[in-house]
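Q: Pasting the sequence and the predicted coordinates here, then a few questions.
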Amino acid sequence: MPVPAYLDPARPLDERVADLVGRLTVEEKIHLLPTRQQAVPRLSVPAYSVGGEAAHGLVDRGGGTATVFPQPIGLSCTWDTGLMERIGGVIGDESRIYYDRDRRSHWLTPWFPTIDMERDPRWGRTEEAYGEDPFLAGKLAAALIRGAQGGGPQRPSGSGCDKTEPPSRTPYLKIACAPKHFYGNNVEENRCAASTDISERVKRDYYLRVFQYAFTEGGAVSLMTAYNEINGVPCIVNPEVNEIVKGEWGCEGFVVCDGGDFSQTVTHHHYCETHAQSIALGLKAGLDCFTDKENLVAAAAADALAQGLIDEADIDRAVFNSLRIRFRLGQFDPDALCPYSSVSPQRLCCGEFTETALEAARKAVVLLKNDGILPLDPKTCGKVLLVGDLAEENMPDWYSGNPPSSVTPLQAVRDALPEGSVEYVRTHGLCVIFNDGAGGYLRVDGNGGVFYDGDGDTRSVFEEFDYGFTSAAYRDVKTGRFLSVHTDGTLQCVSEKVWGWFTYELFFRDGDTGRFLPHGQTFRDGLSEENKAVVDTLMGHLRRETLTGGLSRAVEAAARCDTVIAVLGNHTLV
């Protein structure tokens, strides 16, 4: 029995992809439109999940470790494209290791790098990208993508693969990068509905330039669109995806929308009345893969087809683009043909990768001024004081992976200097919190329960972590846990850190009265309307009373020391 064309590696790539698409039923093709792509067992098409993050190292939300590099804004300070290409190679290798570990169902199509232009720090996500200059950001991103994807059909030296690639008509990829967010994505407030109004010159010379480098020099094979609108048109239905990304820059892969943006075209932008209209406009604009609930996407495609808003060719085109990349990742070929198919798991967080991360960390440091005090000499620096809220932390960000080990600034300084020569002063203010509705102070028990019957002897004392803009988090001194709003609208004290998509550990207060503001926490969207009302009522009854400030303790300690190291910064989720 002859081998089907799509399973014959000797045939041209596009012929193979077209053959597979031609064998799929309409129903099967529709279920390849969401990011969670269903298996087609009769044709040996495995299930596969598009997505994942790797901005400065692979991210496993389940806690698995990977090599972690400095944040992209730090990497931009290296000005080193060769280093960026090696970093990309590390991310590609470790993604392959996770792909094999996860039964080859995920990890090879991550959404990175973030190359939005950081022209205004008030965007609040400046750690994610490479600064405000499209030339620098574009060149660095292109190098990172080249390294991550493997440089095309030829295996680059140091890729971590021992195989040489045999003759093949399929140009294999190590992974497929999707630079994001296309484009003008420089606003968080109302980002799922706001319009970014951009002139033709600013668009071409600034916003698009960085993406152009990613495709024309980096060889990116995927793209993620942005939540916002461009001049009133949601990015998910922006015809420039076809006209520019695929037409002018020659993107040979698939375009995916940001998480949930498919449905938001109806619910937030109000640009379309139905999801069928959304998927029709998206497909015709150049979208190939939709990040939303699988059943919602599939139902919308079927509905659009039934209404005549699209025809089967529109679906075929999108499925072809997605499958084309899956072929290039080696999913339909024997391992012996793909040079990236079997990266040794021993290379995960190996010494070579750790040295690359260390080199990146050193080159990312920017010294604004040095009057001769640096580097510190352990023999002459005397008694050293460390101050600052972050001295005991290695602050991650939303796109941080999990390193196999880490050292805090405090521990690093103690390790470098003679024993007993380092003093550390916690600079958080101390406070108590009173509930005037219940008539008592907050009292936290050993299980994290919060009660409102505390008095001068039983009340809990909290460290206040000031995050600016009247926001703060409160850690119970005895238990070391943070106050947080539970999803039922009550308070609890069980959080080990300030973290999460909805930052329930963050509270807002009036600077003059010390009263907590009614909205209670940063992201109320995670609560039901009923529980929002419960939170608002509770917050209106709470006020903090300061016991001591952290600055006075730091000043006293500084008088006893010869050298002061201040470890400063802001929380990355604020």
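A: Great, that's in hand. Residues are numbered from 1 along each chain as shown.

Q: Only C-alpha atoms from now on, for both contacts and neighbour counts.
A: Noted.

Q: quick one, helices of the stretch 201-350 of the chain?
A: Using DSSP state H, counting those that start in this stretch, the helices assigned to the stretch 201-350 of the chain run over residues 208-216, 240, 261-267, 275-285, 294-307, 312-328.

Q: Relative to Arg101, which of these is closest?
A: Among the helices of the stretch 201-350 of the chain, the nearest to Arg101 by C-alpha to C-alpha is helix 312-328 (17.8 Å).

Q: so what does that closest one touch, helix or strand wise?
A: helix 13-23, helix 26-30, strand 254-256, helix 275-285 (3 or more C-alpha pairs under 8 Å, 6 or more residues apart in numbering; DSSP states H and E).

Q: ok, 10 Å please
A: Judged by 3 or more C-alpha pairs under 10 Å, 6 or more residues apart in numbering; DSSP states H and E, the packing partners of helix 312-328 are helix 13-23, helix 26-30, strand 222-224, strand 254-256, helix 275-285, helix 294-307.

Q: could you dump the helix or strand just after that helix to PDB, C-alpha only?
A: Moving toward the C-terminus from helix 312-328, the next helix or strand (DSSP states H and E) is helix 351-364. Taking Å, rounded to 0.1, in the frame of the first residue of the first chain, the C-alpha atoms of helix 351-364 are listed here in PDB:
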ATOM      1  CA  GLY A 351      26.300  24.100  33.200                       C
ATOM      2  CA  GLU A 352      26.700  25.500  29.700                       C
ATOM      3  CA  PHE A 353      23.200  27.100  29.900                       C
ATOM      4  CA  THR A 354      23.900  28.500  33.400                       C
ATOM      5  CA  GLU A 355      27.100  30.100  32.100                       C
ATOM      6  CA  THR A 356      25.200  31.800  29.300                       C
ATOM      7  CA  ALA A 357      22.700  33.100  31.800                       C
ATOM      8  CA  LEU A 358      25.500  34.400  34.000                       C
ATOM      9  CA  GLU A 359      27.100  36.100  31.100                       C
ATOM     10  CA  ALA A 360      23.800  37.700  30.200                       C
ATOM     11  CA  ALA A 361      23.300  38.900  33.800                       C
ATOM     12  CA  ARG A 362      26.700  40.500  33.900                       C
ATOM     13  CA  LYS A 363      26.300  42.200  30.500                       C
ATOM     14  CA  ALA A 364      22.800  43.500  31.500                       C
END
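
Q: Return the set of buried residues in helix 351-364.
A: 353-354, 356-357, 360-361, 363-364 (16 or more other C-alpha atoms under 10 Å).

Q: Just the mean pLDDT for stretch 94-106, thanks.
A: Mean pLDDT, stretch 94-106: 97.

Q: re the thing from before, among the buried residues of helix 351-364, which two are most distant?
A: Once C-alpha to C-alpha is applied, the buried residues of helix 351-364 give Phe353 and Ala364 as the farthest pair, at 16.4 Å.

Q: follow-up on the earlier one: could I get the helices and strands packed on helix 312-328 as a markdown table with distance to Gly124, mean pLDDT and mean neighbour count?
A: Output for the helices and strands packed on helix 312-328, formatted as a markdown table (distance: least, C-alpha to C-alpha, whole Å; pLDDT from 0 to 100; neighbours: other C-alpha atoms under 10 Å):
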| stretch | distance to Gly124 | mean pLDDT | mean neighbour count |
| --- | --- | --- | --- |
| helix 13-23 | 42 | 98 | 17 |
| helix 26-30 | 37 | 98 | 18 |
| strand 222-224 | 20 | 98 | 28 |
| strand 254-256 | 24 | 98 | 27 |
| helix 275-285 | 29 | 98 | 23 |
| helix 294-307 | 31 | 98 | 19 |
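
Q: got TSV for those, with distance to Arg36 too?
A: Below are the helices and strands packed on helix 312-328 laid out as TSV (distance: least, C-alpha to C-alpha, whole Å):
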stretch	distance to Arg36
helix 13-23	18
helix 26-30	11
strand 222-224	16
strand 254-256	12
helix 275-285	16
helix 294-307	7
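
Q: pLDDT below threshold where in the protein?
A: 152-169, 518-525, 574 (pLDDT under 70).

Q: max-length helix in it?
A: helix 81-101 (DSSP state H).

Q: That one: what's the following helix or strand?
A: Counting by DSSP H and E, the next helix or strand C-terminal to helix 81-101 is helix 134-149.

Q: Counting by contacts, list what whatever helix or strand comes next after that next one packs against.
A: Next helix or strand after helix 134-149 toward the C-terminus (DSSP H and E): strand 195-196. Counting contacts by 3+ C-alpha pairs under 10 Å, 6+ apart, strand 195-196 is packed against strand 229-230, strand 233-234.

Q: change it to 7 Å
A: When contacts are defined as 3 or more C-alpha pairs under 7 Å, 6 or more residues apart in numbering; DSSP states H and E, strand 195-196 sits against strand 229-230.

Q: what's the spacing between the strand it packs on and its chain's center?
A: Remark: strand 229-230 is offset 22 Å from the chain centroid, using C-alpha atoms, centre = their mean, to the nearest Å.

Q: So in that sheet, which strands flank that strand, and in what orientation?
A: Within its sheet, and counting by DSSP bridges, strand 229-230 is paired with strand 195-196 (parallel), strand 233-234 (antiparallel).

Q: Export these to CSV and append columns for mean neighbour count and distance to Gly429.
A: Converted to CSV, the strands paired with strand 229-230 look like this (neighbours: other C-alpha atoms under 10 Å; distance: least, C-alpha to C-alpha, whole Å):
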stretch, mean neighbour count, distance to Gly429
strand 195-196, 20, 41
strand 233-234, 22, 45
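
Q: related to what we said a few turns ago, put together TSV for the helices of the stretch 201-350 of the chain, with distance to Arg543 on each row.
A: TSV is the format used below for the helices of the stretch 201-350 of the chain (distance: least, C-alpha to C-alpha, whole Å):
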stretch	distance to Arg543
helix 208-216	48
helix 240	52
helix 261-267	37
helix 275-285	46
helix 294-307	45
helix 312-328	54
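
Q: Which among the ones you listed is found nearest to Ala566?
A: Going by C-alpha to C-alpha, the one of the helices of the stretch 201-350 of the chain nearest Ala566 is helix 208-216, 35.5 Å.

Q: Off-centre distance for stretch 306-319?
A: Put simply, stretch 306-319 sits 32 Å off its chain's centre (C-alpha atoms, centre = their mean).

Q: cool, and stretch 430-449?
A: 35 Å.

Q: So for that stretch, what gets flagged as buried?
A: 430-435, 440-444, 448.

Q: Arg201 versus the residue nearest the centre of the chain, what's the distance?
A: What sits nearest the mean C-alpha location of the chain, by C-alpha atoms, centre = their mean, is Tyr399, with 3.3 Å. The gap separating Tyr399 from Arg201 is 32 Å, by C-alpha to C-alpha, to the nearest Å.

Q: Please pull up the helix or strand immediately following the one helix or strand Asn531 maps to.
A: Take DSSP H and E as the rule and Asn531 turns out to sit in helix 529-539. Sequence order places strand 542-548 as the next helix or strand after helix 529-539, per DSSP H and E.

Q: Would you mark the buried spots in that following strand?
A: Buried residues in strand 542-548, counting neighbours by 16+ other C-alpha under 10 Å, are found at 542-544, 546.

Q: which one of the helices of the stretch 201-350 of the chain lies closest to Leu7?
A: Among those, helix 312-328 comes nearest to Leu7, with 9.8 Å by C-alpha to C-alpha.

Q: how about Glu464, phi and psi?
A: Glu464 adopts backbone torsions of phi -100, psi 120, taken as degrees, to the nearest 10.

Q: In contact with the nearest residue to it once chain neighbours are set aside: list those residues for me.
A: Counting by C-alpha to C-alpha, 6 or more residues apart in numbering, Glu464 lies nearest to Tyr474, which is 4.9 Å off, once chain neighbours are set aside. Shown in contact with Tyr474 (C-alpha atoms under 7 Å, 6 or more residues apart in numbering): 462-465, 482-483.

Q: Make CSV from those residues and add secondary structure and neighbour count to it.
A: Putting the contacts of Tyr474 into CSV (DSSP: H, G, I helix; E, B strand; the rest coil; neighbours: other C-alpha atoms under 10 Å) gives the following:
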residue, secondary structure, neighbour count
Phe462, strand, 27
Glu463, strand, 25
Glu464, strand, 23
Phe465, strand, 19
Phe482, strand, 24
Leu483, strand, 27
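
Q: Much appreciated, bye for now.
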